[in-house]
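Trainee: take this sequence and fold it.
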Amino acid sequence: MPSPAAAAAASGAATSGGTSGTTGTSGTSGTSGTSGTSGTSGTSGTSGTSGTTGTSGTTGTSGSGVGGSALSEVTGPYELVESDGAVVGVGGGVSRGALQVPAGVTVVGAAAAPGGGYWLVGSNGVVHAFGSATRFGTPWAGSPAAGAVGMAATPDGRGAWVVTGSGAVASYGDALSCPAVAAGTLSGPVAGIVGTPDGGGYWLFTSSGQVVPFGDALAFAGAATDGSALVGMAPTADGRGYWLTYADGFVAAAGDAVTYGSLPAAPLTPVSGVVAAANGEGYLVVTQAGQVTAFGQASSEGSLGAPPPGGVTVVAIVPATSPATPTPAPSPTPAPTPAPLPPLVPLKGDPFAHGSIGYDVSNFQCKRHDRTVRQAALPKSTALTVVEVAGWLDGATNSCLSSLLGWASAAATRHDPDSLYLFLNAPTTAPGAVRQDATGPAGTCARLVGASQAGCRAYNYGYNGAVQAMRYAASQGARLPLWWLDVEGGRSNGEYAQFSAGNYWSTSKALNDRTIQGAIDALHKAKETVGLYSSSIQYANIAGSYVPSGGRLPLWVAGVPWTSPPYTEKGLPSRAILSAWCAGTAHYAGSKLADRFAGGVPWLLQETPGSLPSPYGIDPDYAC
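Mentor: Numbering: from 1, shown residues only. Predicted coordinates for the structure are as follows:
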C-alpha cells in the first residue's frame, strides 16, 4: 500500500502504507540481496599530508554525517571514499575493499559499520557491504532506485536508509520506515540523509539549505546560510542540534551545536561534507579533493596525498572501526538458553482459507478525483481483498470505496470474505480533529487538566474517528464484519501528530495506546471483528508493549518475505517459508523481535513489493 503522505498528495486521501513499520525481510527468506560482496581491488593507504587544523572553540557534542551519508563520529583513523568506488585508509584506517561500479554509476555515500567495516551506496541505489557490515539484501520498505544521493546507518549497524534526490527513502533491516515526504514540501533536490543518534528517525537535507525531520528527529530554526549549496550535515550526540556545511566551506550550527569555524572562502575544491569529533568538541570538514581540515579540538589524521584522478571526487569520510574482539566468558558455565516463545493458540473465527492469495487496495486505485477505479490497475481475479475506508481518523475518505468493493466481488475466485482497513493516527490541532476529540466516551476533555485531558482527547479521537469511518463505509454499501486498524508511521516531538513532517503519532506511547484502544472499542461496540495491521518493530515504536483490552486480536503482518507465487522472479522461496510467520515465530532481519505484536495472532501476511515488480503494482496478501 502507498504511504499515507503520498496518497494525500495524490488525491487528498491518505492510505495504509504497505511500507509499514521498521520491518525487514526475513533472514531465512532466501530473497536475493542487493548488497554486493566485498571488493578486493580498492587501494589501501595510510599516507597523506595532514590537514590543517582550525581554531579551537567551546565544547560541543558529537554527531555524525558527511556528504549525504550518516556516519559515526570520528576519533582516530578514517577512510576516504571516492566516487569511483576506491576507499583509501588514512592515519591507520584500512580499506576493506573497493566497489567495482558499473558504467554510468558512481558511489554517492557511505556509512561506518560496528566491528570494522562500512557500506557504500551507488547512484543506482544498491547498497554494498564490506568487512563487518551487514549484507541487508533488498529493502523491506521502498526500493533501491536510480538517483540515490546518500545513505545513513542505524546505530546498531542492523539497518540503513538510502535516499534519492526526489526524497524517496528505502529502509533496510531495522531502519524505521517513515511516511513519504509530502508533495511540495521540498525546496530543492535532496542532497543527503542523516540518522538521529538513537536511530528513531532521520533528517533529509536539500542542496538549497532545507532540513526536513522524520521520526524523532527534531526541527530547528535559525541556522545561517550563505547561498552556497548545502552538502553535508552532522547531528550532535543528543540529537538536539546539528552542523551544516556548504560547498564553499561555510559551517553553520543549529540547536545546541556550537560553531568552531569554517574553511576560508572559496576553497580550492568544493566541500563534500562534515563529520563530528567523537569528543563533541569539534568537527572535520572534507573537500572533494580529499583535504581534511579539523576545527575545534577535533584531530585530522591526514588527507589524500594527491587529489583523485580527473572526474573523481571524495564523497565521504568513514571513521575506522576496530574489528570486534570476542570477550571470554567469565566462567565455563554455559549461558542459559532463552525460553522459547509459547505456542501460538489459534484465534477462533478466522474466515480466510489457508493459502489464499489476494490484494489490498486503496484510493490509489481510484481515477483522479473520481468515484470509479482504474480497472487496468487491478487484477482480474483475487481470492481475498482488503479495501481502504479512510486515510486518517478525521477524514481522507476513499472516494472510490464502493467501486473497489464492486471490483472485489466480481474478481473473487472463492468465498473468502472481503475486509476493510482504517489508517490510525494521533490527534492533530486541525479544527476538525479538535472537534472530534473534544467529547466522547472518555468525557468532555476541556473539564480535565494535564495528562487526564490529553488521555481524554486521545481516546475520544480514536473512538469518534472509527465511528465516522463506519458511517462512511455504510453510506457506500460497505457492510463487512472485519476491520483492520493500520498502525504505522513515525512519532512526533509532542502530544500531537505532525503531518507536515510525516509523523502520525504522538511522542507519548501511552497516548497512542489510548487512541488505538478508542478505535477498537468503537468497532467492538458495533459488533465488528477488529484486527491490527503493523509489524512488531513498528508497533513497539508507536505503542510499546501495549496489549489492547477486549480480547486477543487477529494480526495482518506487514513486510514478510517475497515468495513465488505471487511473484514470478527467479530464485524466490516458495510459500512454505511463510509458515513460521503464520506461527508467530519468524524474525525480521536485524531484529530480535518475532513477528507477533499486541498479543495477537497472525491471520494475514502482506508481502510488501519493495524493489520487486508487484503484480499490478499493489501489495499481495497471504492467508494463514
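
Trainee: go through stretch 448-458 and flag the buried ones.
Mentor: Of all the residues in stretch 448-458, those buried under the rule 16 or more other CB atoms under 10 Å are 453-458. Glycine gets a C-beta too; all of them are placed from N, C-alpha and C.

Trainee: tell me the one of the residues you listed nearest Gly131?
Mentor: When those are compared for distance to Gly131, the smallest value, 45.7 Å, is given by Ala458; criterion: CB to CB.

Trainee: elements contacting the helix or strand that contains that closest one?
Mentor: Secondary structure assigned from DSSP states H and E places Ala458 in helix 450-475. Contacts defined by 3 or more CB pairs under 8 Å, 6 or more residues apart in numbering; DSSP states H and E place helix 450-475 against strand 385-392, strand 419-423, helix 431-438, helix 509-525.

Trainee: what mean pLDDT does it get?
Mentor: Confidence over helix 450-475 (mean pLDDT, whole number) is 93.

Trainee: tilt between it and helix 509-525?
Mentor: 40 degrees (axes from the mean of the first three to the mean of the last three CA atoms, to 10 degrees).

Trainee: picking that back up, how about the helices and strands packed on helix 450-475 in JSON lines, adding mean neighbour count and mean pLDDT?
Mentor: Below are these laid out as JSON lines (neighbours: other CB atoms under 10 Å; pLDDT from 0 to 100):
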{"stretch": "strand 385-392", "mean neighbour count": "27", "mean pLDDT": "91"}
{"stretch": "strand 419-423", "mean neighbour count": "27", "mean pLDDT": "95"}
{"stretch": "helix 431-438", "mean neighbour count": "17", "mean pLDDT": "89"}
{"stretch": "helix 509-525", "mean neighbour count": "22", "mean pLDDT": "95"}
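
Trainee: make TSV out of the ones you listed and add distance to Leu378.
Mentor: Formatted as TSV, the entries for these read as follows, by distance: least, CB to CB, whole Å:
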stretch	distance to Leu378
strand 385-392	10
strand 419-423	17
helix 431-438	31
helix 509-525	27
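
Trainee: what is the burial count for Thr428?
Mentor: Other residues near Thr428 number 22, with proximity taken as other CB atoms under 10 Å.

Trainee: what strand or helix carries it?
Mentor: Assigned by DSSP H and E, Thr428 falls outside every helix and strand.

Trainee: hmm, Ala497 and it touching each other?
Mentor: Yes: Thr428 is within contact range of Ala497, at 5.0 Å (criterion: CB atoms under 8 Å).

Trainee: run through who's touching the helix or strand that the helix holding Ala458 is followed by.
Mentor: For helix 450-475, the succeeding helix or strand toward the C-terminus, using DSSP H and E, is strand 482-486. With CB atoms under 8 Å, 6 or more residues apart in numbering as the test, strand 482-486 has contacts from 16-17, 20, 351, 386, 389, 417, 419-424, 466, 516, 519-520, 523, 528-534, 556.

Trainee: kindly recompute the last result at 7 Å.
Mentor: Contact with strand 482-486 is made by 16, 351, 386, 417, 419-424, 516, 519-520, 523, 528-533, 556, as judged by CB atoms under 7 Å, 6 or more residues apart in numbering.

Trainee: now Gly167: how far from Pro102?
Mentor: 25 Å (CB to CB, to the nearest Å).

Trainee: looking at these two, which has the bigger crowd around it?
Mentor: Residue environment comparison for Gly167 versus Pro102 gives the larger neighbour count to Gly167, 19 against 11, counting by other CB under 10 Å.

Trainee: list the residues that contact that one.
Mentor: In this structure, Gly167 makes contact with 181, 186, 190, 204, judged by CB under 7 Å, 6+ apart.

Trainee: ChimeraX command to pick out the buried ones of the residues you listed?
Mentor: Command for ChimeraX, covering only those of the contacts of Gly167 found buried under the criterion 16+ other CB under 10 Å:
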select :181,186,190,204
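
Trainee: flag the least confident of the contacts of Gly167.
Mentor: Sorting those by confidence puts Val181 at the bottom, with a pLDDT of 75.

Trainee: quick one: that one and Trp505, what's the gap?
Mentor: Using CB to CB, one gets 17 Å for the distance from Val181 to Trp505.

Trainee: pretty sure Gly443 contacts Cys456?
Mentor: Yes: in this structure Gly443 lies within contact range of Cys456 using CB atoms under 7 Å: 5.6 Å.

Trainee: pull the contacting residues for the residue nearest to Asn124 when sequence neighbours are not counted.
Mentor: The shortest distance from Asn124 to any residue other than its chain neighbours is 5.0 Å, reached at Val105 (CB to CB, 6 or more residues apart in numbering). Applying CB under 7 Å, 6+ apart, we find Val105 in contact with 122-124.

Trainee: may I ask which of those has the most neighbours?
Mentor: Among the contacts of Val105, where neighbours are counted by other CB under 10 Å, the top count belongs to Gly122, at 24 neighbours.

Trainee: does that residue touch Val101 like I think?
Mentor: Yes: shown here, Gly122 and Val101 form a contact pair, counting by CB under 7 Å, at 5.9 Å.

Trainee: what touches both of the two?
Mentor: Taking CB under 7 Å, 6+ apart as the criterion, Gly122 and Val101 both touch Val107.

Trainee: now do the same end-to-end measure for stretch 364-383.
Mentor: With CA to CA, to the nearest Å as the measure, stretch 364-383 spans 20 Å from end to end.

Trainee: again with stretch 255-264
Mentor: Stretch 255-264 has an end-to-end distance of 24 Å (criterion: CA to CA).

Trainee: same check, this time on stretch 378-394
Mentor: Its first and final residues considered, stretch 378-394 spans 28 Å by CA to CA.

Trainee: try stretch 149-162
Mentor: Stretch 149-162 has its terminal residues 8 Å apart, counting by CA to CA.

Trainee: if we go by neighbour counts, what in it is buried?
Mentor: For stretch 149-162, the neighbour count (16+ other CB under 10 Å) marks 149-155, 157-162 as buried.

Trainee: in strands, which of the residues you listed appear?
Mentor: Secondary structure assignment by DSSP state E places 149-153, 159-162 of the buried residues of stretch 149-162 in strands.

Trainee: that'll do, ta.
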